[in-house]
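*Asks:* quick one, what's the 3D model for this:
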Amino acid sequence: MLTAGYVEEQANTFRSKVVALLEENNFSLDLNYRDLGHDLHTYVRDDELNQLFRTYIEKFKAERTKAKSRSFVSDFIRDYMSVRGEIDIKLAHTAFLQDFTSKDFQNALMNWSSKEIQAFFYDMQSRYDFNNIDDYFSSELCGLKCLSEQIQSLIPTIDYGVKRGALSNLDCVINSVIKRLYDKIESKQVTD
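*Replies:* Purely as a prediction, here's the structure:
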């Protein structure tokens, strides 16, 4: 089909074969999705077949995004330093804390060393240090509140020392961010 540029069978028969092939195989798409979409537009002239491929690609992208997100959350919980670079480079101005549950934060804070908590504190302090944080991080408000609740419930259970101090520092920063975000969102609603 690709070499000849056409299909020698009936369109319905060919579509049925494509559907069966897509359903029974696990393909790995390491291609650029935009390029793949362009190729489909260029080489596939049958609208139904084009839509079939596009639906499959969208489903594949969604599954891959979910898997990456689950992997990121588990890596975050297990070892903050393992995801710190990714957060700094890819997620610096992208909301992601809304993807975590209260239990995720609890597990992370209990697993992390004082050094990791301190690193997270520094990163959170610089991450939200600009004026229009609501434009980027409004969706994180609930996640930040869950994080704050977990920090506050964990502090009394930790002996005095470096880890408790790091948690207290993190608590101050997160509460400050929550207040600033809440104030920005509220003031924007008043002006709208």
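*Asks:* and the next helix or strand past the one helix or strand in the chain whose mean pLDDT sits lowest?
*Replies:* Ranked by mean pLDDT, DSSP states H and E, the helix or strand of the chain with the weakest confidence is helix 33-43, at a mean of 66. Using DSSP states H and E, the helix or strand that follows helix 33-43 in sequence is helix 47-78.
*Asks:* tell me the buried residues in the next helix or strand after that following helix?
*Replies:* As assigned by DSSP H and E, the chain's next helix or strand after helix 47-78 is helix 80-89. For helix 80-89, burial by neighbour count (16 or more other C-beta atoms under 10 Å) applies to Y80, V83, R84, I87. C-beta coordinates here come from the backbone N, C-alpha and C atoms, glycine included.
*Asks:* out of those residues, which comes closest to F105?
*Replies:* The shortest separation between F105 and any of the buried residues of helix 80-89 is 11.7 Å, and it belongs to Y80 (by C-beta to C-beta).
*Asks:* show me the contacts for the closest residue to that closest one other than its chain neighbours.
*Replies:* Nearest residue to Y80, sequence neighbours excluded (C-beta to C-beta, 6 or more residues apart in numbering): E116, at 4.2 Å. Applying C-beta atoms under 8 Å, 6 or more residues apart in numbering to E116 gives the contacts D79, Y80, M81.
*Asks:* excluding chain neighbours, what is closest to I87?
*Replies:* D123 (6.6 Å).
*Asks:* how many other residues sit next to the one you found?
*Replies:* D123 has 16 neighbouring residues, counting by other C-beta atoms under 10 Å.
*Asks:* that one and V190: what is the separation?
*Replies:* For D123, the distance to V190 equals 31 Å [C-beta to C-beta, to the nearest Å].
*Asks:* do the same with E23
*Replies:* 52 Å.
*Asks:* closest one of the contacts of E116 to D134?
*Replies:* After measuring these against D134 - C-beta to C-beta - the closest member comes out as Y80, at 25.4 Å.
*Asks:* can you check the pLDDT for that closest one?
*Replies:* At Y80, the model reports a pLDDT of 95.
*Asks:* low-confidence stretches in this structure?
*Replies:* Applying pLDDT under 70 to the chain flags the ranges 1-11, 15, 22, 25-46, 62-63, 65-67, 192.
*Asks:* tabulate the contacts of E116 (TSV), appending distance to Q98.
*Replies:* Putting the contacts of E116 into TSV (distance: C-beta to C-beta, whole Å) gives the following:
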residue	distance to Q98
D79	21
Y80	18
M81	22
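*Asks:* which of these sits closest to F60?
*Replies:* D79 (28.6 Å).
*Asks:* hmm, back to that, list the buried ones in the host helix or strand of the residue nearest to Y80?
*Replies:* According to DSSP H and E, E116 maps onto helix 114-127. Buried residues in helix 114-127, counting neighbours by 16+ other C-beta under 10 Å, are found at E116, I117, Q118, A119, F120, F121, D123, M124, Q125, R127.
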